[in-house]
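Peer 1: build the 3D model from these lines:
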Amino acid sequence: MIPLRDVIPSRTTPYVTVTIIILNALAWFFELALPRDVLPVFLQFYGVVPADFSAPTLVTSMFLHGGWSHVIGNMWYLWIFGDNVEDRLGHGRFLFFYLLCGIGAAFGQITIDPQSTLPVIGASGAIAGVMGAYFVLYPRSRVLTLIPLIIWWEIIELPAILLLGFWFVMQLFSAGSVAITASTHGGGVAFMAHVAGFVMGMIGVMAFKKRRQPDAWWV
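Peer 2: Numbers count the residues shown, from 1 in each chain. This next block holds a predicted model:
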């Protein structure tokens, strides 16, 4: 299932969400400009390496990606869900919340694979936190979703609680059944980071959200 847009208009301009997307895009193009023999060293230095942990990489790793689909998919999800969460938290608190979710997600992956020597990179964990916050703040929202079927694609509106709940269950199942490790798989999707980020977003948003504004038309 691919979310296309939600039905909630943002009351404010999502300056932080847009800035994060721009920074990720710039970092991605910088990666593309690096020589192929330099890029692995760069990712090893700025990504989170569980077996050789360095605190600054908890932040730098959030702005690095491993491919076009990785960066585009992450930024697309952030664009759909980030503006409304930023709206409810406020710009400054949203930035802190986003970074905190990304840090928590990285620790989630470190916990499941502490001996890995491969770098953990990507904004997925932080964005999972944003999705967890959206799940809590806007359970009655609806999301226009593209559903690929066997011979055609269907576009329908799904309740946000159903779409995000399904996404979380899939991440949780994958984290439990696959348990990717560097030593046996040579890298892959850090599902536990997604799970940890989502849970942290669900819990943390209650401390970060502003006093509730009057209900919008969609409630």
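
Peer 1: need the strands for the protein, in chain order.
Peer 2: 2-6, 142-148, 153-159 (DSSP state E).

Peer 1: now the ones you listed in JSON lines, with distance to residue 99, mean pLDDT and mean neighbour count?
Peer 2: Where C-beta positions appear, they are placed from N, C-alpha and C, glycine not excepted. Putting those into JSON lines (distance: least, Cβ to Cβ, whole Å; pLDDT from 0 to 100; neighbours: other Cβ atoms under 10 Å) gives the following:
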{"stretch": "strand 2-6", "distance to residue 99": "23", "mean pLDDT": "89", "mean neighbour count": "16"}
{"stretch": "strand 142-148", "distance to residue 99": "25", "mean pLDDT": "89", "mean neighbour count": "16"}
{"stretch": "strand 153-159", "distance to residue 99": "29", "mean pLDDT": "88", "mean neighbour count": "12"}
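
Peer 1: CSV please, covering those strands and showing distance to residue 113.
Peer 2: Formatted as CSV, those follow (distance: least, Cβ to Cβ, whole Å):
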stretch, distance to residue 113
strand 2-6, 28
strand 142-148, 31
strand 153-159, 33
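
Peer 1: out of those, the one nearest residue 86 is which?
Peer 2: Closest to residue 86 of these is strand 2-6 (Cβ to Cβ; 13.3 Å).

Peer 1: out of the strands of the chain, which gets nearest to residue 92?
Peer 2: Nearest of those (Cβ to Cβ): strand 2-6, 23.2 Å.

Peer 1: so what touches the closest one?
Peer 2: The set of residues external to strand 2-6 that reach it, using Cβ atoms under 8 Å, 6 or more residues apart in numbering, is 76-77, 80-81, 84, 138, 141-148, 155, 160, 163.

Peer 1: rerun at 6 Å
Peer 2: With contacts defined as Cβ atoms under 6 Å, 6 or more residues apart in numbering, strand 2-6 is touched by 80, 141, 143, 144, 145, 146.

Peer 1: list the buried residues of stretch 188-202.
Peer 2: By 16 or more other Cβ atoms under 10 Å, the buried positions in stretch 188-202 come out as 189-202.

Peer 1: average pLDDT for it?
Peer 2: Across stretch 188-202, the average pLDDT comes to 91.

Peer 1: CA atoms only: put it into PDB for me.
Peer 2: Output of stretch 188-202 as PDB, limited to C-alpha atoms (Å, rounded to 0.1, in the frame of the first residue of the first chain):
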ATOM      1  CA  GLY A 188      19.300  -5.000   4.600                       C
ATOM      2  CA  VAL A 189      16.200  -3.300   6.000                       C
ATOM      3  CA  ALA A 190      16.600  -2.200   9.700                       C
ATOM      4  CA  PHE A 191      13.100  -3.300  10.700                       C
ATOM      5  CA  MET A 192      13.700  -2.900  14.400                       C
ATOM      6  CA  ALA A 193      14.600   0.700  13.900                       C
ATOM      7  CA  HIS A 194      11.200   1.200  12.300                       C
ATOM      8  CA  VAL A 195       9.500  -0.500  15.200                       C
ATOM      9  CA  ALA A 196      11.400   1.400  17.800                       C
ATOM     10  CA  GLY A 197      10.900   4.700  16.100                       C
ATOM     11  CA  PHE A 198       7.100   4.200  15.700                       C
ATOM     12  CA  VAL A 199       6.700   3.200  19.400                       C
ATOM     13  CA  MET A 200       8.800   6.200  20.500                       C
ATOM     14  CA  GLY A 201       6.700   8.500  18.300                       C
ATOM     15  CA  MET A 202       3.400   7.100  19.800                       C
END
